[in-house]
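A.B. asks: A structural model of the following input is requested.
(one chain, ligands or ions: 1)
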Amino acid sequence: MKDLNFYNLARNNIQSLHAYIAKEIPCKIKLDANESPYCPIPLKSIFSKEDLFSTLNRYPDPEAKELKKAIAKDLRITPESILLGNGSDEIINCLITTFGGPVLHPIPTFVMYAIASQALGQSHMAIPLDSAFDLDIESILKSIKKIKPKLIFLSSPNNPTGNCFSSEKIFKIIDTSKNIVIIDEAYQPFSSQKGFLPLLKDYHNIAILRTFSKIGLAAIRTGFLIGHEDLIKEVNKTRLPYNINAISQAIAIEGIKNKKIINSHIKVIIKERKRLYGELSNLKGVQPFPSEANFILFKVSDAELVYKKLIEYGVLLRNLNTIVKDALRVTIGTPEENNIFIQSLKLTLDSINS
Ligand code: PMP
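C.D. replies: The predicted structure is shown next:
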């Protein structure tokens, strides 16, 4: 039988799409994916859940009611204002499937807003950040008037730049947009700013994305959207059945119970971020950018070479050179991991400069 050409069979918007690549490069020190270096749940509290493991033949609760209840209690919101996703990635997909484009987002930012728009055949517009990595408000407001985006995605703190956008500018966008503004607060727990949750009751055109991934539970792929109940009802129509598996539901609930442990880990990460920023600032030829997240973006003179040399030392960062020239992103690890990273970076820069 003649071989099928699957590339030609794919829809046009898929042919020109590049898959999201989460490269797996084995390294001792993994500081590339903005994960937490700490797991907040003792193993025994999971494996003692007999009722969970004795019902693995059954589908999970399709509405994840207990988990929604736990999140609602924790954040003082209603369960009906929550939509759970297999990671916030899935919710980004559901939002664009539900409301369609045009989608508007700044750039550089989290790549899934663009990838999901293209995969779903929806137009999207990327507006470059200004030189301080803040929103270019004039261009955004102009574009809102011109293309009337159905959805605007604002990641604050922003990945990969690490800063929060000016809240005044975010308010201007919310006030100007006739449609929906999604504030992606994946990194909010690490930020000194309050975030937009308290504003949900006054603004019906905003919704907030949160995730368990950055606070120690990336493996369970659980994120959630918080918004007006009518908005959640519409997006829920495009959610796949049973999208949160039973083990993830149980572990996420356990995570909320262990909030104190999560918060203590966040404190250590924030302290380490400050220390690492200081260390990076003291290195000749390194320009770190202030961060409100669990990572730091920094520039070096030859990002490709530094990235490769660090891998030789067993330290994996994210190479962002093609997105922000000369930039690498380091996730905050444990104090020990951060020490090894700094030592390896010093040796790398010495070897390049000698
Ligand atoms: N939003 C932002 C801003 C992110 O950086 C990420 C992860 N890189 C996500 C959402 C997706 O997170 P999740 O693991 O919940 O899919």
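A.B. asks: where do the strands sit along the stretch 101-250 of the chain?
C.D. replies: Along the stretch 101-250 of the chain, the stretches classed as strands by DSSP state E, counting those that start in this stretch are 103-107, 124-128, 151-155, 180-184, 206-211, 223-226.
A.B. asks: So for stretch 15-29, what gets flagged as buried?
C.D. replies: Within stretch 15-29, the residues that count as buried by 16 or more other C-beta atoms under 10 Å are 27, 29. From N, CA and C alone the C-beta is placed, and that goes for glycine too.
A.B. asks: distance between it and the chain's centre?
C.D. replies: Taking C-alpha atoms, centre = their mean, to the nearest Å, one finds stretch 15-29 lying 16 Å from the centre of the chain it belongs to.
A.B. asks: mind putting the strands of the stretch 101-250 of the chain in JSON lines, mean pLDDT and distance to K267 included?
C.D. replies: Shown next, in JSON lines, are the strands of the stretch 101-250 of the chain (pLDDT from 0 to 100; distance: least, C-beta to C-beta, whole Å):
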{"stretch": "strand 103-107", "mean pLDDT": "98", "distance to K267": "30"}
{"stretch": "strand 124-128", "mean pLDDT": "98", "distance to K267": "34"}
{"stretch": "strand 151-155", "mean pLDDT": "98", "distance to K267": "23"}
{"stretch": "strand 180-184", "mean pLDDT": "98", "distance to K267": "23"}
{"stretch": "strand 206-211", "mean pLDDT": "98", "distance to K267": "19"}
{"stretch": "strand 223-226", "mean pLDDT": "98", "distance to K267": "23"}
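A.B. asks: now those strands as a markdown table including mean neighbour count and distance to the ligand?
C.D. replies: Shown next, in a markdown table, are these (neighbours: other C-beta atoms under 10 Å; distance: least, C-beta to the nearest ligand atom, whole Å):
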| stretch | mean neighbour count | distance to the ligand |
| --- | --- | --- |
| strand 103-107 | 24 | 11 |
| strand 124-128 | 17 | 15 |
| strand 151-155 | 26 | 4 |
| strand 180-184 | 25 | 5 |
| strand 206-211 | 24 | 3 |
| strand 223-226 | 25 | 3 |
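A.B. asks: Mind putting those strands into CSV with distance to V306?
C.D. replies: Shown next, in CSV, are these (distance: least, C-beta to C-beta, whole Å):
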stretch, distance to V306
strand 103-107, 23
strand 124-128, 25
strand 151-155, 25
strand 180-184, 29
strand 206-211, 29
strand 223-226, 32
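A.B. asks: quick check: domain ranges of the chain?
C.D. replies: Here the domain parsing of the chain from automatic domain parsing is 6-39+260-353, 55-258.
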